[in-house]
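Enquirer: Could you work out the structure for the sequence below:
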Amino acid sequence: MWRSCLHMPHLNYLPKGCYIRQHMLAAQSRQKSYADVRRRELEFEVGDQVLLKVSPTKGVVRFGTKDKLSPRYIGPFLIVERVGILAYRLELPESMKGVHDVFHISMLRKYLRDPEHHITVESVTIGQDLTFESRPVRILEESERVLRHRTIKYVKVLWTHQTEREATWELESQMREKYPELFTSGELYKSYL
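Expert: Numbers count the residues shown, from 1 in each chain. Now for the predicted structure:
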């Protein structure tokens, strides 16, 4: 019976080779089932509209997290053709002439009609590496966190191409250093642009 384990020949000489192999296959199957829970099967048709994932570059280091709000989508774009199994060619506007028009399926999201869900291409300058620069528009709120021996000040910043719901808390010291124009008049709701 143990000689029937042909897929793992280095275990064939062991009397418990099949037993080990069966447990390895069971463990692989179990791990696959865990991974499949979060996996989504995406497939688009020619003529569908999709959103394209881009990444903002703010130049501000976030405390504790690394760009938690970084995924942004622009579009919608029309799928012109399917290229291979996992890539699609999109119909891009003239303003994105320098960007390659074939994208992996992981960069695409099915288009759902929601005006807050995407950024229009015309209002954003997109680089070759699919990044755009966000700038602060204004400070919405101020807050202080009191620790044992010091107080840390935070400001809630509204960034371009975002709604007030997506505003982020930033360190006041970093914002004063990078964008001193926000703090010139002392008004809380000072507009930057």
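Enquirer: which regions of the chain lie under the pLDDT threshold?
Expert: Flagging of the chain using pLDDT under 70 yields the residue ranges 1-15, 56-71, 114-126, 130-132, 185-193.
Enquirer: could you point out the longest helix in it?
Expert: Assignment by DSSP state H gives helix 17-38 as the longest helix of the chain.
Enquirer: Give the buried residues for that one.
Expert: Residues of helix 17-38 classed as buried by neighbour count (16 or more other Cβ atoms under 10 Å): 17-18, 21. The C-beta positions use only the backbone N, C-alpha and C, and glycine is treated the same way.
Enquirer: next one: stretch 102-113
Expert: 103, 105, 107-109, 111.
Enquirer: got the contact list for it?
Expert: Contact partners of stretch 102-113, identified using Cβ atoms under 8 Å, 6 or more residues apart in numbering, comprise 42-44, 48-53, 73, 75-76, 83, 86-90, 130.
Enquirer: still on that earlier bit, could you redo the buried residues of stretch 102-113 as a markdown table and give each row distance to residue 165?
Expert: Below are the buried residues of stretch 102-113 laid out as a markdown table (distance: Cβ to Cβ, whole Å):
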| residue | distance to residue 165 |
| --- | --- |
| 103 | 28 |
| 105 | 28 |
| 107 | 24 |
| 108 | 24 |
| 109 | 19 |
| 111 | 21 |
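Enquirer: Filter the residues you listed down to just the ones in strands.
Expert: Under the assignment DSSP state E, the buried residues of stretch 102-113 contribute 103, 108-109 to strands.
Enquirer: now, which of those sits nearest residue 38?
Expert: Residue 38 lies nearest to residue 109 out of these, by Cβ to Cβ, at 15.7 Å.
Enquirer: bridging residues for that closest one?
Expert: When bridges are called by DSSP bridges, residue 109 pairs up with residue 51.
Enquirer: likewise residue 77?
Expert: In this entry, residue 77 is beta-bridged to residue 50, by DSSP bridges.
Enquirer: my read: it touches residue 91, true?
Expert: Yes. Between residue 77 and residue 91 a contact is recorded at 6.0 Å, counting by Cβ atoms under 8 Å.
Enquirer: out of the two, which sits in the more crowded spot?
Expert: Using other Cβ atoms under 10 Å, the more surrounded residue of residue 77 and residue 91 is residue 77, with 23 against 11.
Enquirer: Might you report the residue contacts of the more buried one?
Expert: So residue 77 contacts 49-52, 90-92 (Cβ under 8 Å, 6+ apart).
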